[in-house]
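>>> Okay, here's the prediction I keep looking at, along with the sequence it came from:
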Amino acid sequence: MIQLIKKPIITEKAMNLAQQRQYVFEVHPDANKIQIKQAIQEMFDVDVTSVRTVNIKGKNKIRMTRRGLMRGKTASKKKAYVTLKEGQQIEIVSGVGGDTE
């Protein structure tokens, strides 16, 4: 079985969405909305109301080196925006804002 949920995306925009019960995950490119919903419900024991997906095309990169131009490309990704039922949340980052001794 393929690993559907690769990792949570933790950016400033994603943290602002978390206040609205929406969480962002990087998912396998072949995963569909039904599979993503089932995986999130099993992993975090929450009720998912909706799933939106976005395919992000990889960017072309060029850099100058001693040997000339190096051309490459970043990998394409797929993101899933998951909305939870009212009153539920996912603790994505543990230890943020904790005490430092």
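Alright, I've got the coordinates. Residues are numbered from 1 along each chain as shown.
>>> Mind telling me what element the residue positioned nearest the centre of the chain is part of?
By CA atoms, centre = their mean, the chain has its centre lying nearest to F25, at 1.9 Å. Using DSSP states H and E, F25 sits within strand 22-27.
>>> That strand pairs with which strands, parallel or anti?
Strand 22-27 has its sheet partners listed here by DSSP bridges as strand 5-8 (antiparallel), strand 77-84 (antiparallel).
>>> how about CSV for these, with mean pLDDT added?
Listed next are the strands paired with strand 22-27 as CSV, based on pLDDT from 0 to 100:
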stretch, mean pLDDT
strand 5-8, 94
strand 77-84, 96
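>>> Quick one: closest of those to N16.
N16 lies closest, by CB to CB, to one member of the strands paired with strand 22-27: strand 77-84, at 12.4 Å. (Each C-beta comes from the backbone N, C-alpha and C, glycine too.)
>>> Can you classify S50 by secondary structure?
Secondary structure state of S50, per DSSP: H, G, I helix; E, B strand; the rest coil, is strand.
>>> And the spatially closest residue to I62 that is not a sequence neighbour, what's its pLDDT?
Using CB to CB, 6 or more residues apart in numbering and skipping residues adjacent in sequence, the residue nearest I62 is R71, 5.4 Å away. pLDDT recorded at R71 is 95.
>>> Could you do I62 as well?
I62 is assigned a pLDDT of 95 by the prediction.
>>> Would you agree it is in contact with T74?
No: I62 is not in contact with T74 according to CB atoms under 8 Å; the separation is 12.0 Å.
>>> that older thread, does the residue nearest to I62 touch K61 like I think?
Yes: contact criterion CB under 8 Å: R71 and K61 qualify, at 7.4 Å.
>>> Can you pull the residues that touch both of the two?
Overlap of the contact sets of R71 and K61 (by CB atoms under 8 Å, 6 or more residues apart in numbering) is empty.
>>> Go ahead and confirm the residue nearest to the centre of the chain touches L4.
No: using CB under 8 Å, F25 is not in contact with L4, being 9.0 Å away.
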